[in-house]
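Visitor: the following block contains a protein sequence and its predicted model.
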Amino acid sequence: LSCIPVAGQQLVLIVPQNHPLARYEEADLEQTLAYPYIYFSQGAGVRYDVDRLFEEVGEKPRISYETEEDRVIAGLTAQNFGISIVPDMELLDHLSLKKIKIKNSTAKRSIYMVSNDQIYIPPAVENFRRFIIEELPEFFQTP
């Protein structure tokens, strides 16, 4: 398989507007451990990235709810069901949430375009692949 990074997203801590952590612009993960988390389930691709953040500090969050959907996590967080770490997305700006930068972290996830070079790739797919590589040069990195 050929994997080409095409985009990156910052991961941010989100909390309800009235949460004790909402007064911070930046927070250490250690500061969040006292609170229940709404977390990505095992099937979600971003779960690995969030788990890795906690591995860096040698701690595990207290998980109250799990789901695969970042939008569901954002909605539950806005409704005071817990706090979460999610990719920074436009939806967060429209909910009753506070986005907080994760201190001392490379909290980012990469999005890849994956293809199998051992099978026939239709011209339309190859044209799309080439378009992505040419139009998103700032994300394209050779392996």
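Guide: Okay, I see it.
Visitor: least confident secondary structure element in the protein?
Guide: Across the helices and strands of the chain, mean pLDDT, DSSP states H and E gives its lowest value to strand 108-115, namely a mean of 81.
Visitor: looking at the helix or strand following that strand now, give me its mean pLDDT.
Guide: Following strand 108-115 in sequence order, the next helix or strand is helix 123-135 (DSSP states H and E). Confidence over helix 123-135 (mean pLDDT, whole number) is 86.
Visitor: can you give me how far helix 123-135 is from the chain middle?
Guide: Offset of helix 123-135 from its chain centre (CA atoms, centre = their mean, to the nearest Å): 25 Å.
Visitor: show me what counts as buried in that helix.
Guide: R129 (16 or more other CB atoms under 10 Å). For glycine as for every other residue, the C-beta is placed from the backbone atoms N, C-alpha and C.
Visitor: kindly export it (C-alpha atoms) in CSV.
Guide: Provided in CSV are the C-alpha atoms of helix 123-135 (Å, rounded to 0.1, in the frame of the first residue of the first chain):
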residue,chain,number,x,y,z
PRO,A,123,-7.9,6.6,-14.8
ALA,A,124,-10.5,8.6,-12.8
VAL,A,125,-9.0,7.5,-9.5
GLU,A,126,-5.4,8.1,-10.7
ASN,A,127,-6.4,11.6,-11.9
PHE,A,128,-7.9,12.3,-8.5
ARG,A,129,-4.8,11.0,-6.8
ARG,A,130,-2.6,13.2,-9.0
PHE,A,131,-4.8,16.2,-8.4
ILE,A,132,-4.6,15.8,-4.6
ILE,A,133,-0.8,15.6,-4.7
GLU,A,134,-0.4,18.6,-7.0
GLU,A,135,-3.0,20.8,-5.3
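Visitor: please work out the angle formed by the directions of that helix and strand 108-115.
Guide: Calculated by axes from the mean of the first three to the mean of the last three CA atoms, to 10 degrees, helix 123-135 forms an angle of 140 degrees with strand 108-115.
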